[in-house]
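*Asks:* I would like the atomic coordinates for the input below:
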Amino acid sequence: MRFLIQRVNHAKVTVDAKVTGQIDKGFLVFIGISNEDNELIADKLIKKLTGLRIFEDEQGKTNLALKDVNGSLLLVSQFTLYADCKKGNRPSFVHAGAPDKANQLYEYIISKCKEQHFVVETGIFGADMKVELENDGPFTIILDSAELS
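*Replies:* Okay, here's the model as predicted:
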């Protein structure tokens with residue numbers, strides 16, 4: 001599982017000219033799911049995501065977590081995080097999760113984040129989404145379950 005996290009001042013997702021999710025300060029999180037992923041892996045990444053201290057405190061140090069700044073989450077499914085570009089110029093997506101399983105885990109991640117009392121907005125799984133954001137920093141972090149202990 002991969003989370004590409006962007007610290008944002010604001011972000012929104014539009015599908016067919018309709019806003020499906022919009023936040024102010026918080027994290028825009030692109031979520032890639034593979035066939036090997038499960039709820040235990042999702043729980044590990046959610047814990048890391050919600051505990052990340054990447055907002056600045058009064059001394060300008062990245063010392064505050066999402067809850068400390070009353071931040072929100074915009075969660076967007078993105079199978080292209082599992083693009084394999086080793087051969088040729090056209091990416092392969094054979095490592096991306098099957099749509100049914102990936103959607104189930106995406107919905108699980110949404111529900112678990114809501115359980116922690118975060119404001120959670122979303123895109124639409126499998127839709128052609130337009131994403132707008134103002135990256136604060138810029139500050140972007142990649143969490144890959146294969147690299148976390």
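*Asks:* which residues of the chain fall in strands?
*Replies:* Applying DSSP state E to the chain gives strands spanning 2-15, 18-23, 26-32, 53-56, 62-65, 72-77, 120-122, 130-144.
*Asks:* mean neighbour count added to the ones you listed, as a markdown table?
*Replies:* Glycine gets a C-beta too; all of them are placed from N, C-alpha and C. Putting the strands of the chain into a markdown table (neighbours: other C-beta atoms under 10 Å) gives the following:
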| stretch | mean neighbour count |
| --- | --- |
| strand 2-15 | 20 |
| strand 18-23 | 16 |
| strand 26-32 | 26 |
| strand 53-56 | 17 |
| strand 62-65 | 14 |
| strand 72-77 | 25 |
| strand 120-122 | 21 |
| strand 130-144 | 14 |
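*Asks:* looking at these, which is closest to residue 100?
*Replies:* Closest of those to residue 100 is strand 72-77, at 12.6 Å (criterion: C-beta to C-beta).
*Asks:* partner strands of the closest one, with direction?
*Replies:* strand 26-32 (parallel), strand 120-122 (parallel) (DSSP bridges).
*Asks:* how far off strand 130-144 does it point, in degrees?
*Replies:* Relative orientation of strand 72-77 versus strand 130-144 (axes from the mean of the first three to the mean of the last three C-alpha atoms, to 10 degrees): 90 degrees.
*Asks:* can you tell me what sits against strand 72-77?
*Replies:* Strand 72-77 is touched from outside by 8, 11-13, 21-31, 33, 66, 102-103, 106, 109-110, 113, 118-123, 125-126, 129, 131, with contacts defined as C-beta atoms under 8 Å, 6 or more residues apart in numbering.
*Asks:* repeat for stretch 7-15
*Replies:* Contact partners of stretch 7-15, identified using C-beta under 8 Å, 6+ apart, comprise 19-28, 54-55, 74, 76, 121-124, 127-137, 139-140.
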